[in-house]
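1. Structure for this input, please:
(2 chains)
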Amino acid sequence: MKFYRVNVEEREALGSYTLLRYRWNGPVEPGQFVMARAACYPITLDPFLARPFSFYDHDGGVASLLFEVRGRGTALLDAASSIEVTAPLGKRFRIELGLGRAALLGGGIGVAPLKILGRHLDAMGVPHDVFLGFADAAASVVAKDFPGAEVATMDGAVGTRGTVLNASGALTNYGAIYSCGPNSMLAAVKLAAGKNSLCQLSVEERMGCGNGSCNGCVVPVHGGYVRSCIEGPVFDAEVLAW
Amino acid sequence: MVVRVQETGVDLEVELFGIPLRTPLIPASGTLSKEALDEVEGVYGAMLPKTTTPVARAGNPPPRVAETPAGMVNSIGLQNPGVERFLQDLEVFDLGIPLFVSVAGDTVAEFASLCEILSGDERISAVELNLSCPNVECGGLVFCAGASSVEELVAACRSIVGNKPILAKLTNEGVVENARAAEAAGADGLTVINTLPALTIDARARKVLVRGGLSGPAIKPVALRAVYDVSGVVDVPVVGSGGVASGTDVAEFMLAGATAVQVGTTSFVRDPQEILAEFTAYLKESGLGASQLTGAVRSHDPGVPVPRPKPVHESSHH
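-> Here you go, the predicted structure:
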């Protein structure tokens, strides 16, 4: 896999999360991701693999990634002045005109791709509502970057108490539903979406390579497994077998 | 052999059982998808796609991969669309270089049937037998678990695959005895080694994360030892595999006795073009051609024990 070394232009602490910006002039589509790591290879082989991150935003040649420090890989990423990233990977969110209002539902770090998706929906004149669910107040700080979004926290410290679906209520009036978060949340969104709307889900899976080679990041579909890095990470909800 | 001097003035070409390879690098089976081929143009001397089986396999449920220091543990379960579909789509792997095909089955008969199917396909230059899969006729022990099992399997494939060379891919355990057995049964080359049995545990959740095979730079010294020991006791060429992460690693495997070298897990985290560039720089600095490296470390190492007598090579196909 080819990696490009880029300088971290800006790093912003957002409660539990970090927003990291770097220059990237090529096209970035909403829902796509990169494999990223601190620019330390091959000085250290531990951690060995890069980590997948959805693009949070891309504007004016600056790309941004949202992440939470969970282990050594993300800790190094959080401290690095330069990082190594792949070109944008994976399938994008599909935007269709004429479906009416769209609902965007994000859970935890899964709010990331909804920022760039919202930008593209705005540009195409698609009206939409944003609903964000977090564990607690610290995680919900990023919500300030989503003006007008309805927020839920599991402990009720900010916004509605409960999950993102407690914030959104019924989804049956929406013509398109886009979501990213833990699998259990996506399954609940799929159920709430019913069958009459476009429903696209971006899965979060551990990845080995990011380019389809290792078959490590599979998700269950009817009839077997498919790779979330190539066939996804954005799937039509009905494709997923959960 | 025609010596091809590249623009760099470095001769990268090697010959593996009579097949010229423009570089000694081969992707390890299961580590280079069709979607990633554009990135590796010019790197490899032969193409080797993911293992194919008689019928489609869905593979194992996730989690399938876990990161470890300098490597990863995988348990993919040979997910593949089956040999019929594989051959229908084979053109995508035509890179203008020799195409090797990795096969696996549950039984000796399944391996043999795959070899029979591939024997008449002119697009395929050689067959690699993935001997690390479970033999359901032997209580699920891998085919590599015993020399007699290796010999039976290789002999069955040898008799039916026609004139295509066979590479027997061996695991580290028992590798020297299995290498002798494979050679005696007519293998034309040996791929040494496959992943090492490994386990990762999620302590917080108190459960097994992935039980599978360890690959990556962590296993390189183990693989290097296996290549060194095996190449000392067999006449057939050895293809080194296991943790190759740099051009220097490629040189080390060849010096230890490998004729060609597979690059696998590291291609997930490095551009294989860099590995070839480093290897090219090594050759340029040393003033040697790639093919001159094979086994060269032995003549400089008086401490190497004299190899035991070699078995008679019962080759029936040359």
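2. For B:Ala223, list the residues it contacts.
-> By C-beta atoms under 8 Å, 6 or more residues apart in numbering or on different chains, B:Ala223 lies in contact with B:172, B:192-193, B:240-243, B:253. (Each C-beta comes from the backbone N, C-alpha and C, glycine too.)
3. For residue 37, which residues are in contact?
-> Using chain A here. For A:Arg37, the contacting residues are A:3, A:47, A:49-51, A:73, A:76-77, A:83-84, B:269, by C-beta under 8 Å, 6+ apart.
4. was after chain B, sorry
-> By C-beta under 8 Å, 6+ apart, the neighbours of B:Leu37 are B:92-93, B:95.
5. Look through chain A and tell me its longest strand.
-> The single longest strand within chain A, with elements called by DSSP state E, is strand A:4-14.
6. Downstream of the one helix or strand in chain A whose mean pLDDT sits lowest, the next helix or strand is which one?
-> Lowest on mean pLDDT, DSSP states H and E among the helices and strands of chain A sits helix A:72-79, with a mean of 93. Scanning forward in sequence from helix A:72-79 by DSSP states H and E, the next helix or strand is strand A:82-85.
7. pLDDT score for the closest residue to chain A within the stretch 201-318 of chain B?
-> Taking C-beta to the nearest C-beta, chain A has its nearest neighbour within the stretch 201-318 of chain B at B:Phe268, 3.8 Å off. For B:Phe268, the pLDDT comes out at 96.
8. Quick check: the closest residue to it other than its chain neighbours vs A:Leu105, distance?
-> Distances taken as C-beta to C-beta, 6 or more residues apart in numbering or on different chains put A:Cys209 closest to B:Phe268, at 3.8 Å, once the chain neighbours are dropped. Per C-beta to C-beta, to the nearest Å, A:Cys209 is found 29 Å from A:Leu105.
9. more neighbours, the two?
-> Legend: neighbour count by other C-beta atoms under 10 Å in any protein chain shown for A:Cys209 and A:Leu105, higher for A:Leu105 (32 against 29).
10. For the more buried one, list the residues it contacts.
-> Neighbours of A:Leu105 in contact, by C-beta under 8 Å, 6+ apart: A:114, A:131-133, A:164-165, A:168, A:177-179, A:181, A:185, A:189.
11. And for B:Ala260?
-> By C-beta under 8 Å, 6+ apart, B:Ala260 lies in contact with B:14, B:16, B:21, B:24-26, B:45-46, B:237, B:239-240.
12. returning to that earlier point: packing partners for the longest strand of chain A?
-> In terms of contacts (3 or more C-beta pairs under 8 Å, 6 or more residues apart in numbering or on different chains; DSSP states H and E), strand A:4-14 is packed against strand A:17-23, strand A:82-85.
13. Now render those strands as JSON lines, adding mean pLDDT and distance to B:Gly162.
-> Output for these, formatted as JSON lines (pLDDT from 0 to 100; distance: least, C-beta to C-beta, whole Å):
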{"stretch": "strand A:17-23", "mean pLDDT": "97", "distance to B:Gly162": "54"}
{"stretch": "strand A:82-85", "mean pLDDT": "96", "distance to B:Gly162": "46"}
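14. For chain B, which of those is the nearest?
-> Nearest of the helices and strands packed on strand A:4-14 to chain B, taken as C-beta to the nearest C-beta: strand A:82-85 at 9.4 Å.
15. The following helix or strand past that closest one: how far from the chain's middle?
-> Following strand A:82-85 in sequence order, the next helix or strand is strand A:102-107 (DSSP H and E). Per C-alpha atoms, centre = their mean, to the nearest Å, the displacement of strand A:102-107 from the mean C-alpha position of its chain is 11 Å.
16. okay, the angle between the helix or strand just after strand A:102-107 and strand A:102-107?
-> Counting by DSSP H and E, the element after strand A:102-107 in chain order, helix or strand, is helix A:112-123. Angle, helix A:112-123 to strand A:102-107, by axes from the mean of the first three to the mean of the last three C-alpha atoms, to 10 degrees: 160 degrees.
17. Sheet partners, orientation included, of the next helix or strand after helix A:112-123?
-> Using DSSP H and E, the helix or strand that directly follows helix A:112-123 along the chain is strand A:128-134. In the sheet, strand A:128-134 lines up against strand A:102-107 (parallel), strand A:150-153 (parallel) (DSSP bridges).
18. looking at those strands, which is closest to B:Ile201?
-> Counting by C-beta to C-beta, B:Ile201 lies closest to strand A:102-107 out of the strands paired with strand A:128-134; the figure is 27.2 Å.
19. who touches the residue nearest to B:Phe279 when sequence neighbours are not counted in this structure?
-> Take B:Phe279 and drop its neighbours on the chain: the residue closest to it by C-beta to C-beta, 6+ apart is B:Gly247, 3.5 Å away. For B:Gly247, the contacting residues are B:274-282, by C-beta under 8 Å, 6+ apart.
20. just the buried members of the residues you listed?
-> Buried subset of those (neighbour count, 16 or more other C-beta atoms under 10 Å in any protein chain shown): B:274-276, B:278-280, B:282.
21. Quick check: the gap between the residue of chain B most remote from its centre and A:Arg70.
-> Relative to the centre of chain B, and counting by C-alpha atoms, centre = their mean, the farthest-placed residue is B:Arg204 at 36.0 Å. Distance of B:Arg204 to A:Arg70, computed by C-beta to C-beta: 11 Å.
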